[in-house]
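Q: no sequence for this one, just the structure:
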């Protein structure tokens, strides 16, 4: 008996060793595959020297199949790329992937940690100076405030992001901004403004992945306005699109938002059965994984519907609502978010002050350049037009070169902010623009210098001729005086 037990124990231990070994091999392979995939992605992004192309590539990047809807795996992947960007001092990639990690913590419902990463991303993007990247990271931060229903802060960030998106002519980010601003206005009951923004978002790209959500929000606006039939039509369009998307791999977060929006629309229309269907779909899709904070609205709607009829279900969904609400809006979380918000506001005030100071300095520099140019032009004209003394051509050439340099610096001071906006802070294009300006100025300078030199030579000849005539006249007078004196003697 003991022998059998010993054999069984030995077999069990051996089996556990095999399982552990297989698990270790699997984990090693998974980790190796993850690192390999991250390395390939880094090399892919590193080849783009143009930041616009790099950002387009990042936005359109599709995670490998085992990363899809696996937030934890995506987080590890993003961390590896962020670590590499820190080593290479790639500010652009640092800004982007700090924002992506912020999105990960947002999906976990950890607003404070999410905002801290988004704050890092914004600071890096401001240092980098890329307007499109600034739009992207501000949208990410605005989304956190939107989740927390802090509509005013969300609106500030989305509006700022929209300004940067328009300046960089990025339609995709402009669409995201209009969509989110429309949602904010909807919740602030500014329905006309909401409808305008959502329509703008829809018109920018009618076939985007966000059109389901946009249609649902437009339907919500019309429902609130009392246009029930029109609201139903937009919700129906969104539902048809959602069914078509269901056959494909899609964004889980976007799908949950669509379910919640559908449930809210049906709740507004007092269609409780349909509201329950979509609320439960949202809860089922969320489960116990990421996006748990999104359970707040659907759980509350279900609990409210069941309140008078089904005590067990009411209790079940009330617990889900309470757990999700506590994870998002606990006192600790609120205090942390407030602290980060205050820090962000202080930073923005500092940036505004710095911008004002820079603008004043630029204004002063332009004035100094104009004064210096005015002095050189005055001295040059005086030397050219003066009839009293002979001037060296080398002096005119010196003043000509000085005037050329000052004019170039003056144009650079005026055009530099405009060039930064047009070229999206791309150094190579800015350099080419300045070279083109110099190429126009140099021939003009040569013509002016030639004219000034000829004018100076002509003036010097006239002065010399006048001096010679004066000398001759003086000598003649002296000879006449000497001749008359000789006759007298």
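A: Looks like it came in fine. The model shown is predicted, which means the values in this text are computed figures rather than measured ones.
Q: Compute the number of surrounding residues for residue 89.
A: Neighbour count for residue 89, taken as other CB atoms under 10 Å: 8. (Glycine included, C-beta is placed from N, CA and C.)
Q: Residue 225 touches residue 189, doesn't it?
A: No - the pair residue 225 / residue 189 is not scored as a contact, 10.5 Å apart, by CB atoms under 8 Å.
Q: Neighbour count for the two, which is higher?
A: In this view residue 225 and residue 189 are compared by other CB under 10 Å, and residue 225 has more residues nearby, 14 against 9.
Q: How about the contacts made by the more buried one?
A: Residue 225 makes contact with 191, 195 under the criterion CB atoms under 8 Å, 6 or more residues apart in numbering.
Q: one more time with 7 Å, if that's ok
A: Residue 225 makes contact with residue 191 under the criterion CB atoms under 7 Å, 6 or more residues apart in numbering.
Q: So for it, what's the pLDDT?
A: For residue 225, the pLDDT comes out at 88.
Q: And residue 331, by the same measure?
A: Residue-level pLDDT assigned to residue 331 equals 71.
Q: for residue 368, same thing?
A: Note on residue 368: pLDDT of 66.
Q: what's the distance between residue 235 and residue 443?
A: 65 Å (CB to CB, to the nearest Å).
Q: Looking at these two now, which is surrounded by more residues?
A: residue 235 (23 against 9).
Q: For the more buried one, list the residues it contacts.
A: Counting by CB under 7 Å, 6+ apart, residue 235 touches 216, 219, 262, 265.
Q: And these, which two are furthest apart?
A: The span of those, defined through CB to CB, is set by 219 and 262 at 8.8 Å.
Q: Please say which of those two ends up with more neighbours.
A: Taking neighbours as other CB under 10 Å, residue 219 and residue 262 compare with residue 219 leading, 29 against 25.
Q: Look up how far residue 186 lies from the residue nearest to the more buried one when sequence neighbours are not counted.
A: Leaving aside its chain neighbours, residue 219 sits nearest to residue 234 (3.4 Å; criterion: CB to CB, 6 or more residues apart in numbering). Applying CB to CB, the value for residue 234 to residue 186 is 13 Å.
Q: One more: residue 436?
A: For residue 436, the distance to residue 186 - CB to CB - is 48 Å.
Q: quick one, which of these two is more surrounded?
A: residue 186 (21 against 10).
Q: pretty sure the more buried one contacts residue 221?
A: Yes - if you go by CB atoms under 7 Å, residue 186 and residue 221 touch, sitting 5.8 Å apart.
Q: Who are the packing partners of the strand or helix carrying residue 320?
A: Using DSSP states H and E, residue 320 maps to helix 311-329. With contacts defined as 3 or more CB pairs under 7 Å, 6 or more residues apart in numbering; DSSP states H and E, helix 311-329 has these neighbours: helix 296-306.
Q: Can you give the distance of the helix it packs on from its chain's centre?
A: 37 Å (CA atoms, centre = their mean, to the nearest Å).
Q: Which of the residues in it are classified as buried?
A: 296, 297, 298, 299, 300, 301, 302, 303, 304, 305, 306 (16 or more other CB atoms under 10 Å).
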